[in-house]
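A.B. asks: got a predicted structure here, sequence first:
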Amino acid sequence: MNTIRQGKEFGAHKQPWGSPVGSNIVDEKLFYIRHRSVIMNTLWYLKQFVLLMSALWIPSSIYIIRDQHKAIANINQVLKIPIAQKKTIQRLCRNVISNYDIVKRKTERNKEEKISSLTDQREVITNLLWLAVGICGLFIIVSIKMFATKARIKSEDKVASSSKSGGRKRKIRVETVNQGIDYVIFTFTRNTERFLKTPRCAMMTQLKQLPCFAEKLVQEIYIPDNPELGPLETSLGNVKGCICVYEYNDRDIILELPTDLETKKRDSIALLIKASNASGLRLLVVYMFDPRSSKLWDGEIYNTLIGQTYGNDILKGVANAGQFISINKEFIKLQLDQIQTILQ
């Protein structure tokens, strides 16, 4: 249509109404009019579609744009912070980090100290428990010891009271001296009795070699605890001599003390001294197994350090009379000479 219009304006040749060119123009106008409603409806649908899509997209776009604007505004605010304030913020951040490290170290230190304190408490409790166990054990031992001591004292008192009142304890009969015996050797422990009977007993070998024992009959008699000495005293009438053999002990207590319950050694030697004074019975006391008697000073026949030789009245009299000899396991020549002098 523009072409036709331009042709008209620039003096194009006029065509008649019924010419072919005119009919084409009429057809185009009719096509445009006929399809105009279709085109307008299509455009309206496109417009509605665009509006619908806009309604769905524009709200979310608005939120996105708003968030972007806020982020940009925050960035701008940060960028607008003065340098001094930035350094202050940095310093605060460093302080926060430093304080966090300090708190962390303190927490770890407190944890270690707590663990160490718990360990120390456990050790203290363990030591206290052991101490309590030791005290309880000591208390139990002391209690048992006191109970045993009390029971022993009670038993001793009972025995002493019964012996003083005539006693119910039965006396043990002692072996009497056989007829025709010349010398009697008395022992007071089973150990001494067994030793004198052994072939290796040098003491007995030396005694048998003395002239006073030549062709003489010798009898060995063991004195038990709580002995009945009456029959023994009666049988000593024809005996020439007696030897009392006492065994060594750490305290050098040869004869019983007045506080001792058993008195057989003291009673036996008192009986023999009585017989010696009455009938001339020759008496010799030998203290054997004494370690210090193996090396005596010249001229000594017994160990002068034995306390009862000067502290006990009975043994003091025997020692002063030259009738006490101390040995280890055998006699020395001076002692053998003294025995020969006493017993011949």
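C.D. replies: Everything's here; your move. Residues are numbered from 1 along each chain as shown.

A.B. asks: and I185, what element?
C.D. replies: strand 183-187 (DSSP states H and E).

A.B. asks: actually I325, not the one I wrote
C.D. replies: Judged by DSSP H and E, I325 forms part of strand 324-326.

A.B. asks: who does that strand pair up with?
C.D. replies: The strands beside strand 324-326 in its sheet (DSSP bridges) come out as strand 282-288 (parallel).

A.B. asks: quick one: mean pLDDT over the strand it pairs with.
C.D. replies: Mean per-residue pLDDT for strand 282-288: 95.

A.B. asks: now the angle from that strand to strand 183-187?
C.D. replies: 40 degrees (axes from the mean of the first three to the mean of the last three C-alpha atoms, to 10 degrees).

A.B. asks: any chance you could list what contacts strand 282-288?
C.D. replies: Contact with strand 282-288 is made by 192, 203, 240-248, 254, 269, 272-273, 276, 293, 302-303, 306, 315, 318, 323-329, 339, 342-343, as judged by C-beta atoms under 8 Å, 6 or more residues apart in numbering. C-beta here means a position set from N, CA and C on the backbone, and glycine is covered the same way.

A.B. asks: any of these buried? List them.
C.D. replies: With burial judged by 16 or more other C-beta atoms under 10 Å, the buried subset of these is 192, 203, 241-248, 254, 269, 272-273, 276, 293, 302-303, 306, 315, 318, 323-328, 339, 342-343.

A.B. asks: in strands only, show me those.
C.D. replies: 241-247, 324-326 (DSSP state E).

A.B. asks: now do D298 against M288, distance only.
C.D. replies: Distance from D298 to M288, counting by C-beta to C-beta, to the nearest Å: 21 Å.

A.B. asks: pick out whichever of these two has more residues nearby.
C.D. replies: M288 (21 against 5; other C-beta atoms under 10 Å).

A.B. asks: surely K197 meets M203?
C.D. replies: No. Counting by C-beta atoms under 8 Å, K197 does not reach M203; the two are 11.5 Å apart.

A.B. asks: what about T187, how many residues nearby?
C.D. replies: Count around T187 with other C-beta under 10 Å applied: 21.

A.B. asks: ok, it touching E193?
C.D. replies: Yes. Using C-beta under 8 Å, T187 is in contact with E193, at 4.4 Å.

A.B. asks: what is in contact with these two at once?
C.D. replies: With C-beta under 8 Å, 6+ apart, T187 and E193 have common neighbours 220, 222.
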